[in-house]
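Student: dropping the sequence and predicted coords here.
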Protein chains: 2
Amino acid sequence: MTRLGRNPMYQQIADALREQIASGELAPDAKLPTEAEMRDQYGVSRETVRKALAQLVNEGLVVSARPQGHFVRRRRPMVFRPQAEFRKRPYSPEMDAFMTEYSAEGREPRQEIEVTIVEPPEDVAKRLRLEPGELVAVRKRVRYLDGEPFNINDSYFPLTIVRDSEIMRPEDIGRGANEVLAELGYRQVRTLDELYVRMPTPEQTHRLDLGPGTPVGVHVVTGYTTEGQPVRVAVTVLPGDRHVISYERQREAPNEDA
Amino acid sequence: MTRLGRNPMYQQIADALREQIASGELAPDAKLPTEAEMRDQYGVSRETVRKALAQLVNEGLVVSARPQGHFVRRRRPMVFRPQAEFRKRPYSPEMDAFMTEYSAEGREPRQEIEVTIVEPPEDVAKRLRLEPGELVAVRKRVRYLDGEPFNINDSYFPLTIVRDSEIMRPEDIGRGANEVLAELGYRQVRTLDELYVRMPTPEQTHRLDLGPGTPVGVHVVTGYTTEGQPVRVAVTVLPGDRHVISYERQREAPNEDA
DNA sequence: CTGACCGCATTGTCCAGTCAATGCGGCCAA
DNA sequence: TTGGCCGCATTGACTGGACAATGCGGTCAG
């Protein structure tokens, strides 16, 4: 482990540990050597060892549990299925098998709901085509599984169309907020979905209790009525270490392209 | 900037800088104060300032350009549209507007293609339902835009069905590899899409020339024929700082759910 | 037996310093 | 004018140290 290949020592140490994790030599939940042990083993200072460990933590491969040591992280992803909104059942056998593998079966779900009226963030206002100053109702939800926060879902509705409706009540809506919108005369027939991949803001880190090195997927759904009017913007924040996002597609017309 | 709120100094410095970036006080491409300046300004050691900067770099907010200093990062995302495979044109007006905003118009595209025959990685073998030892053909592509690597796309095909076909040639296939598969008698009518959000492996970091703190989306498409036979697994790696993933959905049946 | 307390191993924070690498801008020679 | 070289500001890598925080496990008093 000497300074041959031009790579800095902390890189080489991180690479060595990463390799041990990938090969299974260090299994999930296994304890890594302590900083002091590695300092002696590699003949470097403790800060250099710490820099290597910090890199692995940032990659999401390792967690630190003071003062027990560093441990190989175990992943338990869960399926997020945007299509669940519009499709009831008919999945292909492949999708069924996939769902079974990553199902929430046997885990205990819970959610917290909070409804407020606010001036919308700029990006939401733009998607709902609101004039400056127009207000929206927000349903902010945090969903938990086995007591662990799993995702954030904030749904924005133009205040003019949901005022005094069931949507304003901070309770679970059994038949879904989309059905309530439909009853109010705003049935959504089309959505535009955007997905961003990035590191979380400190606020998201806090709300989702994220460890360092956990990226998030931000899923933004804008729902439109037949007339093309946007009536809902839903922002879902999905911690990368806890989700697989999955959906199914079918050929539409019998012609082909790129 | 004293040690009141229990937060470590490097956190407080990082928070202050993050706030200045969010507020626009430090605009994109703006130069941050040098480490020495901040050391004096906050009355801490240089290492502490560096720890704060490292955090911002890891969040993808700041880049360091030695020896010019640290700069606020500018983002220029690009649309990734999985549906492009199956849909030719008919997008809604909303989607059209969105595409225009993030189009590649005026940027210069280029790609490198490499075709090899390998024993597939375990996850690919599983999706293609291959027996141990069965081989696959891989088309590995790196796509560039304005000279910058934009994404990686590795497509795996069972060797038994593509041997000696056009797919084995390391050139661009104008009408698309999917059409070639169709001509060979394996038309795909359905796909299962999975999307993972995570930090890149060192190999991906290298191939995509990623800065630290850039998460990636890993998009895995498995294509099936009418008979439900998997004939293609495409793995696309999308750097989070360079993409928005976007698609459209339509109500299918005139009944509703959650 | 039980509960409170304390020692200890381990990680977290921070410091003051050294030397290396890098790229820009200016200086100087042809 | 032009091309090459060099100084310099700045970040990167690393050291060896100090002290704080934390939770587990064992000890000891009741």
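Tutor: Received, thanks.
Student: distance check, the closest residue in space to A:Pro33 that isn't next to it in sequence against A:Glu59.
Tutor: Ranked by CB to CB, 6 or more residues apart in numbering or on different chains and with sequence neighbours excluded, the top spatial neighbour of A:Pro33 is A:Gln41, at 6.9 Å. C-betas here are computed from N, CA, C, even on glycine. Taking CB to CB, to the nearest Å as the measure, A:Gln41 and A:Glu59 are separated by 21 Å.
Student: quick one on the thing from earlier: quick check: the residue nearest to A:Pro33 touching A:Thr34?
Tutor: No. Between A:Gln41 and A:Thr34 there is no contact under CB atoms under 8 Å: 10.2 Å.
Student: what's the burial count for the residue of the stretch 1-150 of chain A found nearest chain B?
Tutor: Proximity of the stretch 1-150 of chain A to chain B (CB to the nearest CB) peaks at A:Glu59, 4.5 Å away. Neighbourhood size, A:Glu59 [other CB atoms under 10 Å in any protein chain shown]: 21.
Student: ok, it touching A:Gly213?
Tutor: Yes. Counting by CB under 8 Å, A:Glu59 touches A:Gly213, with 5.8 Å between them.
Student: so for these two, which residues contact both of them?
Tutor: B:Met199 (CB atoms under 8 Å, 6 or more residues apart in numbering or on different chains).
Student: next SSE after the least confident helix or strand in chain A by mean pLDDT?
Tutor: In chain A, no helix or strand scores lower on mean pLDDT, DSSP states H and E than helix A:93-101, which sits at a mean of 61. Next in sequence after helix A:93-101, counting helices and strands by DSSP states H and E, comes strand A:109-118.
Student: what is the mean pLDDT for that next one?
Tutor: Across strand A:109-118, the average pLDDT comes to 88.
Student: contact partners for the nearest residue in space to A:Leu53 that is not next to it in sequence?
Tutor: Nearest residue to A:Leu53, sequence neighbours excluded (CB to CB, 6+ apart): A:His70, at 5.8 Å. Neighbouring residues of A:His70 by CB under 8 Å, 6+ apart: A:Lys31, A:Leu32, A:Leu53, A:Leu56, A:Val57, A:Val62, A:Val63, A:Ser64.
Student: among these, name the ones in helices.
Tutor: Using DSSP state H, the subset of these located in helices is A:Leu53, A:Leu56, A:Val57.
Student: what helix or strand does the residue of the stretch 51-200 of chain A found nearest chain B sit in?
Tutor: Nearest residue of the stretch 51-200 of chain A to chain B (CB to the nearest CB) works out as A:Val197 at 3.4 Å. According to DSSP H and E, A:Val197 maps onto strand A:188-198.
Student: get me the contact residues on chain A for DNA strand D.
Tutor: A:3, A:8-11, A:43-48, A:51, A:66-68 (CB under 7 Å from any atom of the strand).
Student: now, which of those lie close to chain B?
Tutor: When the residues of chain A next to DNA strand D are checked against chain B using CB under 8 Å from any CB of the partner chain, none falls in range.
Student: using ChimeraX, define a selection of the buried residues within these.
Tutor: This is the ChimeraX syntax for the buried subset of these, where burial follows 16 or more other CB atoms under 10 Å in any protein chain shown:
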select /A:9,10,44,48,51
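Student: shaky segments in the stretch 101-250 of chain A?
Tutor: A:101-108, A:146-147 (pLDDT under 70).
Student: so how far is stretch A:196-210 off the chain centroid?
Tutor: Centroid separation for stretch A:196-210 versus its chain: 9 Å, with CA atoms, centre = their mean, to the nearest Å.
Student: first vs last residue of it, how far apart are they?
Tutor: 18 Å (CA to CA, to the nearest Å).
Student: in that stretch, what's buried?
Tutor: Quick answer for stretch A:196-210 (16+ other CB under 10 Å): A:Tyr196, A:Val197, A:Arg198, A:Met199, A:Pro200, A:Gln204, A:Thr205, A:Arg207, A:Leu208, A:Leu210.
Student: which among the residues you listed gets closest to DNA strand C?
Tutor: A:Thr205 (13.9 Å; CB to the nearest atom of the strand).
Student: quick one: that closest one from B:Ala22, how far?
Tutor: Distance from A:Thr205 to B:Ala22, by CB to CB: 15 Å.
Student: picking up where we left off before, pretty sure the residue nearest to A:Pro33 sits in a strand.
Tutor: No. Secondary structure of A:Gln41 (DSSP: H, G, I helix; E, B strand; the rest coil): helix, not part of a strand.
Student: for it, grab the count of nearby residues.
Tutor: Neighbour tally, A:Gln41, other CB under 10 Å: 13.
Student: quick check: beta-bridge partners of A:Glu148?
Tutor: A:Leu145 (DSSP bridges).
Student: A:Val244 pairs with what?
Tutor: A:Val79.
Student: contacting residues around the closest residue to A:Gly60 other than its chain neighbours?
Tutor: Computed as CB to CB, 6+ apart, the closest residue to A:Gly60 that is not its neighbour in sequence is A:Gly213, at 4.3 Å. Taking CB under 8 Å, 6+ apart, we find A:Gly213 in contact with A:Val57, A:Asn58, A:Glu59, A:Gly60, A:Leu61, B:Asn58, B:Met199.
Student: beta partners of the residue lying closest to A:Leu56 once chain neighbours are set aside?
Tutor: Counting by CB to CB, 6+ apart, A:Leu56 lies nearest to A:Val62, which is 4.1 Å off, once chain neighbours are set aside. Judged by DSSP bridges, the bridge partners of A:Val62 are A:Val72.
Student: thought A:Trp128 was touching A:Gln229?
Tutor: No Trp there; residue A:128 is Leu. No. Taking CB under 8 Å as the definition, A:Leu128 is not a contact partner of A:Gln229, at 9.2 Å.
Student: which one's more surrounded, those two?
Tutor: Set A:Leu128 next to A:Gln229 and count neighbours by other CB under 10 Å: A:Leu128 wins out with 20 against 14.
Student: which residues are contacting stretch A:223-237?
Tutor: For stretch A:223-237, contacts defined as CB under 8 Å, 6+ apart pick out A:80, A:124, A:127-129, A:151-158, A:161, A:177-178, A:181, A:186-192, A:200, A:204, A:208, A:216-222, B:92-94.
Student: anything in whichever helix or strand comes after the strand holding A:Val197 near DNA strand C?
Tutor: As assigned by DSSP H and E, the chain's next helix or strand after strand A:188-198 is helix A:202-207. No. Using CB under 7 Å from any atom of the strand, helix A:202-207 stays clear of DNA strand C, coming no nearer than 13.9 Å.
Student: who does helix A:202-207 touch, helix- and strand-wise?
Tutor: strand A:148-158 (3 or more CB pairs under 8 Å, 6 or more residues apart in numbering or on different chains; DSSP states H and E).
Student: for the strand it packs on, list every residue counted as buried.
Tutor: Per 16+ other CB under 10 Å, strand A:148-158 contains these buried residues: A:Pro149, A:Phe150, A:Asn151, A:Ile152, A:Asn153, A:Asp154, A:Ser155, A:Tyr156, A:Phe157, A:Pro158.
Student: what about dumping the CA coordinates of it to CSV?
Tutor: Extracted in CSV, the C-alpha atoms of strand A:148-158 (Å, rounded to 0.1, in the frame of the first residue of the first chain):
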residue,chain,number,x,y,z
GLU,A,148,-38.6,4.7,9.6
PRO,A,149,-39.5,7.7,7.4
PHE,A,150,-39.8,6.4,3.9
ASN,A,151,-40.8,9.3,1.7
ILE,A,152,-42.2,12.8,1.6
ASN,A,153,-45.2,13.6,-0.6
ASP,A,154,-46.3,17.2,-0.9
SER,A,155,-49.4,17.8,-3.1
TYR,A,156,-50.3,21.3,-4.2
PHE,A,157,-53.8,22.3,-5.4
PRO,A,158,-55.0,25.7,-6.6
